[in-house]
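**Q** Return a 3D structure for these sequence lines:
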Amino acid sequence: MTSHTIKLIEKTMLTDSVMQLIFTKPNNFTFHAGQFVQFLIPEGEKTHKRAYSIASAPKSKSLVFLAKLWPNGKASELFEHIQPGELSTISSPLGHFTKTEDSNSIFIATGTGITPILSMITDDLCNKKTTKEIRLLLGFRSESDMFSQQELYALSDKHKNFSVDITLSQPKAAQWAGLKGRVTAHISKYIATNTQYFLCGSPAMVTEVKNMLLEKDILPSHIHFEMY
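**A** Below you'll find the model as predicted:
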């Protein structure tokens, strides 16, 4: 497996448990929006591999990752301790959760499942300059679990062919103006023909949404997914 050395530029806690990490991008590193890498984490004679999708678009000058931190997780421990200027090692890009054509697209994600979708949406709008309709349905538990929304709203303001809806399953504030409930409660509003669907999040959510789309006669070949 080909490996690449990357240097941490900056890390930021986006929520109590989600961290954004920005690394340098090696000169010879190319990838397709939606792909992931394996972080190679040495421990004695062993090397642990942990998969993380790339949040930044392929033309970005840096590599951005959004990581959910888990107690005693190998990658979580690495991310918590690594400091700007320090090095890490990753594999070459992997995965097939990518767009292969310019099409109307509906993205449905929960939590850090937004990561590869951020890369695809940014690539479509800012690099490929698509004129196709792009819609995003993004679910979180509550307001304190939200992240990346300002970036998404900014893209929506700039690109009239992109719309984003955020739904909270357990909103804490009575004045929450967005959608309420799990993403599955809103799927009926996202049924469209001649559209490619991209799902990313927990296995339960992805499976349920995929089955709902199939029941609405969406072609299996139009449903693409990755489970987190």
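**Q** From here on, just use CA atoms for contacts and neighbour counts.
**A** Will do.
**Q** and Ser60, what are its phi and psi?
**A** phi -70, psi 150 (degrees, to the nearest 10).
**Q** wait, what's in contact with Glu208?
**A** Applying Cα atoms under 8 Å, 6 or more residues apart in numbering to Glu208 gives the contacts Thr184.
**Q** What segments of this structure are strands?
**A** Using DSSP state E, the strands found in the chain span residues 3-13, 18-24, 36-43, 46-53, 62-68, 87-91, 104-110, 134-140, 162-168, 179-180, 195-201, 223-227.
**Q** Nearest to Phe97, out of those?
**A** Minimum separation from Phe97 across those (Cα to Cα) falls at strand 223-227, 6.5 Å.
**Q** in that closest one, what's buried?
**A** For strand 223-227, the neighbour count (16 or more other Cα atoms under 10 Å) marks 223-226 as buried.
**Q** Contacts for stretch 176-196 next, please.
**A** When contacts are defined by Cα under 8 Å, 6+ apart, stretch 176-196 is touched by residues 103-106, 108, 110, 137-139, 165-171, 205, 208-209, 212-213, 216, 218, 222-224.
**Q** care to break this protein down by domain?
**A** The chain breaks down into these domains under the TED database: 3-94, 105-227.
**Q** Mind putting those domains into CSV with mean pLDDT?
**A** Shown next, in CSV, are the domains of the chain (pLDDT from 0 to 100):
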stretch, mean pLDDT
domain 3-94, 97
domain 105-227, 96
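**Q** ok, Asp124 - contacts?
**A** Neighbouring residues of Asp124 by Cα under 8 Å, 6+ apart: Thr130.
**Q** quick one on the thing from earlier: name only those of the contacts of stretch 176-196 that count as buried.
**A** Among the contacts of stretch 176-196, those buried by neighbour count (16+ other Cα under 10 Å) are 103-106, 108, 110, 137-139, 165-169, 171, 205, 209, 212-213, 218, 223-224.
**Q** could the buried residues of strand 223-227 be laid out in a markdown table, adding distance to Thr15?
**A** Supplementary listing: these in a markdown table, determined by distance: Cα to Cα, whole Å:
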| residue | distance to Thr15 |
| --- | --- |
| Ile223 | 30 |
| His224 | 28 |
| Phe225 | 25 |
| Glu226 | 23 |
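**Q** Beta-bridge partners for Leu66, please?
**A** Gln20 (DSSP bridges).
**Q** how much space is there between it and Lys129?
**A** 25 Å (Cα to Cα, to the nearest Å).
**Q** same thing with Leu87?
**A** Going from Leu87 to Lys129 by Cα to Cα gives 34 Å.
**Q** who has more neighbours, these two?
**A** For Leu87 versus Lys129, the count of surrounding residues by other Cα atoms under 10 Å is larger for Leu87: 14 against 11.
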